[in-house]
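**Q** Okay, predicted coordinates and the sequence, questions at the end:
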Amino acid sequence: MIYTYKTRQLISTITAIACLVIILVSCSEWDEYKKYTKDGEIIYTGKFDSVVVFPGKERVRLWGILTRDPKVNKCKIYWNNFADSVIFDIDGLNDDYIFDGIFDVEEGTKSFSVYTYDAAGNSSVAVNITGNSYGSRYRNTLSNRKIKIVAYDDASSTIYWDLIDKTLGPVQMEVRYKTQHGDTVVITPATETTTTLKGLDFENNTFTWRTVFRPLPVTPNVVCIDTFCTKSNIRGIPNFIEKELDRSFFTAVSLPGDVGPNGGSGGIAAMWDGKAQNSYSGTNFTDIGAGESSPQMITFDLGMVVDLTKIKIYPFQEGWGAYYTFSTLRDYEIYGSANPSSSGALDASWTLLNAGTIVKPSGLPKDNENDADKAAAKAGISLAVDPDVSRMRYIRIRCLKNYEGFFAGNSKAFFSVAEVKVSGMLPE
């Protein structure tokens with residue numbers, strides 16, 4: 001390219017203008033920088049590398065790991081949009097530079113901003129984290145665990161607990177009562193359904209109980225540092241009345257010599273499933289060992305030791321409509337035990353509660369029944385228990401003859417029972 005004088009003059013002019021622009025821009029940027037550094041260079045202290053906020057009862061615990069900075073001597077924590085704050089001296093950090101502080105915070109979910117400072121007032125950049133504090137609002141959702149029933153006994157009484165809402169964080173129940181050795185406290189995990197009170201003189205002493213809760217973690221493993229307790233309830237000296245036992249406690253038991261708990265078409269547990277039968281082909285009945293000829297027995301657990309007063313048996317209705325026929329229990333023995341022998345023998349561990357014959361009221365021939373017969377079967381056959389017998393927990397029904405054997409003139413002992421109910425002296 002050929003440069004003329006005018007061309008070289010133009011290039012020089014452009015170059016001069018460019019240099020002037022660079023100088024002006026540089027001066028402007030330096031002036032702008034000086035606005036922020038007029039008091040010296042900005043210094044940041046070491047910040048928290050990790051922070052965890054553990055909830056508490058109108059307080060929180062803040063735990064964190066600090067960057068190793070020997071100049072840091074304070075920590076300041078803000079919340080409620082910087083309206084509230086707390087300051088901690090952190091000169092005493094351990095060798096791992098672990099910070100662990102607890103401070104009061106009103107109930108609710110809070111956003112915390114955490115800063116460190118040195119002696120000159122220089123701060124770190126903020127570390128932000130959210131945490132919870134619990135108070136009266138949470139406490140008002142809690143209630144003492146309810147008692148379904150108490151089985152009182154001289155040696156040890158048993159509390160049967162009702163269901164409890166697990167989402168509220170129940171931890172345990174605390175029961176307090178007096179024994180001959182003094183005040184006693186029994187602590188039971190909330191996962192358990194019973195509590196045993198050894199040595200409670202229930203005829204003269206009461207007991208109190210309360211439930212302890214801990215809010216469930218919002219974040220895994222971030223556990224509340226505090227627990228909440230309900231007010232104690234008092235259980236007075238019991239007044240016993242006759243009541244039907246709660247059949248949800250009943251369970252089938254299989255002892256040597258028994259028909260197994262799953263024997264028959266419906267299994268023993270069908271005797272307390274609450275389903276009335278009207279068809280032999282259904283599964284809601286207990287047809288025990290049909291076809292066998294020796295006397296047969298079944299055993300079941302009441303779930304508690306109790307003074308028994310009566311046992312009510314409901315005959316099974318056959319598919320053709322008759323109650324007092326075929327496998328229906330007729331000649332029977334009923335035994336009770338508080339702690340039966342594992343051998344299954346009807347030994348001294350068993351007490352005969354009732355024995356006799358279930359009679360068809362009308363006395364009509366086989367498969368012939370009138371309204372009175374049907375009404376009696378639907379109402380259940382009530383069998384009294386001697387009130388002087390000891391407290392019992394296990395019931396054993398032994399069939400000596402069913403209605404098939406009665407009409408056939410022999411001793412067939414397989415039997416069926418539609419439902420069974422048991423009553424005893426229970427606290428009001």
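**A** That came through fine. From a predicted model like this one, the values you see are computed outputs, not experimental measurements. Numbers count the residues shown, from 1 in each chain.

**Q** partners of the helix or strand hosting residue 76, with directions?
**A** Element membership for residue 76, per DSSP states H and E: strand 72-79. Sheet pairing for strand 72-79, assigned by DSSP bridges, gives strand 84-89 (antiparallel), strand 108-118 (antiparallel).

**Q** Among the ones you listed, single out whichever gets nearest to residue 245.
**A** strand 108-118 (47.2 Å; C-beta to C-beta). C-beta coordinates here come from the backbone N, C-alpha and C atoms, glycine included.

**Q** and the helix or strand just after that closest one, what's its mean pLDDT?
**A** Per DSSP H and E, the first helix or strand lying C-terminal to strand 108-118 is strand 127-133. Strand 127-133 shows a mean pLDDT of 96.

**Q** Also stretch 359-375?
**A** 90.

**Q** what's the answer for stretch 186-203, then?
**A** Here the average pLDDT along stretch 186-203 is 96.

**Q** And it, what's buried?
**A** The neighbour-count check on stretch 186-203 (16 or more other C-beta atoms under 10 Å) flags 186, 188, 190, 195, 197, 200, 202 as buried.

**Q** Check which residues of the lengthiest strand in the chain are buried.
**A** What stands out as the longest strand in the chain, according to DSSP state E, is strand 296-314. By neighbour count with 16+ other C-beta under 10 Å, strand 296-314 contains the buried residues 296-300, 302-311, 313-314.

**Q** Stretch 114-123 now?
**A** Buried, per 16+ other C-beta under 10 Å, within stretch 114-123: 114-118, 123.

**Q** Between all of these, which two are separated the most?
**A** Maximum distance among the buried residues of stretch 114-123 (C-beta to C-beta): 15.3 Å, for 114 and 118.

**Q** any idea of the mean pLDDT in the very next helix or strand once past the longest strand of the chain?
**A** Downstream of strand 296-314, the first helix or strand assigned by DSSP H and E is strand 329-337. The average of the pLDDT scores along strand 329-337 is 93.

**Q** who touches strand 329-337?
**A** Residues from elsewhere that reach strand 329-337, judged by C-beta atoms under 8 Å, 6 or more residues apart in numbering: 308, 311, 313, 315, 346, 349-358, 383, 385, 389, 392-403, 405-406, 415-417.

**Q** Now, of those residues, which are buried?
**A** Members of those classed as buried by 16+ other C-beta under 10 Å are 308, 311, 313, 315, 346, 350-351, 353-354, 358, 383, 385, 392-403, 405-406, 415-417.

**Q** Show me what the nearest residue to residue 98 once chain neighbours are set aside bridges to in the sheet.
**A** Of all residues not flanking residue 98 in the chain, residue 65 sits nearest, at 6.1 Å (C-beta to C-beta, 6 or more residues apart in numbering). With beta bridges defined as DSSP bridges, residue 65 has these partners: residue 50, residue 98.

**Q** likewise residue 174?
**A** Under the criterion used (DSSP bridges), residue 174 bridges to residue 187, residue 210.

**Q** Next, count neighbours for it.
**A** 18 (other C-beta atoms under 10 Å).

**Q** wait, it sits on residue 212?
**A** Yes. Assessed by C-beta atoms under 8 Å, residue 174 is found in contact with residue 212 at 6.5 Å.

**Q** Overlap in contacts, those two.
**A** In contact with both residue 174 and residue 212: residue 229, using C-beta under 8 Å, 6+ apart.

**Q** Where in this protein is the helix or strand with the lowest mean pLDDT?
**A** Ranked by mean pLDDT, DSSP states H and E, the helix or strand of the chain with the weakest confidence is helix 5-37, at a mean of 42.

**Q** So which of the buried residues of stretch 186-203 sit within strands?
**A** 186, 188, 195, 197.

**Q** Give the helix, strand or coil label for the nearest residue to residue 344 once chain neighbours are set aside.
**A** Sequence neighbours aside, residue 256 is the residue nearest to residue 344 in space, at 3.2 Å (criterion: C-beta to C-beta, 6+ apart). Assigned by DSSP: H, G, I helix; E, B strand; the rest coil, the conformation of residue 256 is coil.

**Q** how close does residue 256 get to residue 332?
**A** Taking C-beta to C-beta, to the nearest Å as the measure, residue 256 falls 20 Å from residue 332.

**Q** Looking only at neighbour counts, state which of these two leads.
**A** A direct count of neighbours by other C-beta under 10 Å for residue 256 and residue 332 places residue 332 higher, at 23 against 9.

**Q** Can you tell me how far the more buried one is from residue 385?
**A** From residue 332 to residue 385 the distance is 14 Å (C-beta to C-beta).

**Q** out of the ones in strands among the buried residues of stretch 186-203, who's nearest residue 137?
**A** Closest to residue 137, out of all of these and judged by C-beta to C-beta, is residue 188, at 27.3 Å.

**Q** Go ahead and confirm the closest one touches residue 170.
**A** No. Contact between residue 188 and residue 170 fails when scored by C-beta under 8 Å: they sit 10.8 Å apart.

**Q** so where's the protein uncertain?
**A** For the chain, the stretches with pLDDT under 70 are 1-41, 92-96, 260-266, 276-294, 407-410.

**Q** how close does the residue sitting nearest the centre point of it sit to residue 171?
**A** Ranked by distance to the mean C-alpha position of the chain (C-alpha atoms, centre = their mean), the top residue is residue 191 at 4.7 Å. Per C-beta to C-beta, residue 191 is found 10 Å from residue 171.

**Q** re the thing from before, for the buried residues of stretch 186-203, which two are the farthest from each other?
**A** 190 and 202 (23.9 Å).

**Q** so what's residue 79 up against?
**A** 85, 105, 110-113.

**Q** Any chance of a ChimeraX selection covering the buried ones in the residues you listed?
**A** Here is the ChimeraX command that selects the buried residues among the contacts of residue 79 (16+ other C-beta under 10 Å):
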select :105,110,112
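
**Q** how about the contacts of residue 79 in TSV, adding distance to residue 226?
**A** Listed next are the contacts of residue 79 as TSV, based on distance: C-beta to C-beta, whole Å:
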residue	distance to residue 226
85	22
105	12
110	16
111	21
112	18
113	24
